[in-house]
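Participant: sequence plus predicted model, see below.
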Amino acid sequence: MWEYASQDPRLGNLFNEAMASDSILVSKLVVSRCKGMFEGVNSLVDVGGGSGAMAKGIAEAFPHVDCTVFDLPRVVSDLQGSKNLKYVGGDMFEGVPPADMILLKVNSCCFYVLIN
């Protein structure tokens, strides 16, 4: 899916919007119901975070947490961060920036990717 989305800008935009809308909903739940998870956390990396919808919600709710959205360079190259939100391009199969907490959205595609 990601390969096709990278080759067709229209499909890529639709895919990114769909992923972001899901992440906005999930971030609201995480922020409201899982506040205790962020006690003692000073840094967080959202692996494959796309446009940063999840990390933005966390960064706004917990200003003491430095949030990093880590995704492919072509995904994050034009995105702007804020005081406690930044975007870093890279490949999760080569390494992930260090942090106190790492987020990785799990779906059926992840199982396929991790097995291979």
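Facilitator: Ah, there it is. Residues are numbered from 1 along each chain as shown.
Participant: quick one: residues contacting residue 42.
Facilitator: Residue 42 sits next to 64-66, 100 when contact means CB atoms under 8 Å, 6 or more residues apart in numbering. Glycine gets a C-beta too; all of them are placed from N, C-alpha and C.
Participant: er, residue 68 I mean
Facilitator: Residue 68 makes contact with 43-46, 55, 85-88, 97, 99 under the criterion CB under 8 Å, 6+ apart.
Participant: what does residue 88 give?
Facilitator: Listed by CB under 8 Å, 6+ apart, the contact set of residue 88 reads 68-70, 76, 97.
Participant: residue 86 belongs to a strand?
Facilitator: Yes. According to DSSP: H, G, I helix; E, B strand; the rest coil, residue 86 belongs to a strand.
Participant: phi and psi next, for residue 36.
Facilitator: When read as degrees, to the nearest 10, the backbone of residue 36 gives phi -60, psi -30.
Participant: check the gap between it and residue 79 for me.
Facilitator: Going from residue 36 to residue 79 by CB to CB, to the nearest Å gives 29 Å.
Participant: who has more neighbours out of these two?
Facilitator: A direct count of neighbours by other CB atoms under 10 Å for residue 36 and residue 79 places residue 79 higher, at 16 against 7.
Participant: I am finished for the moment; much appreciated.
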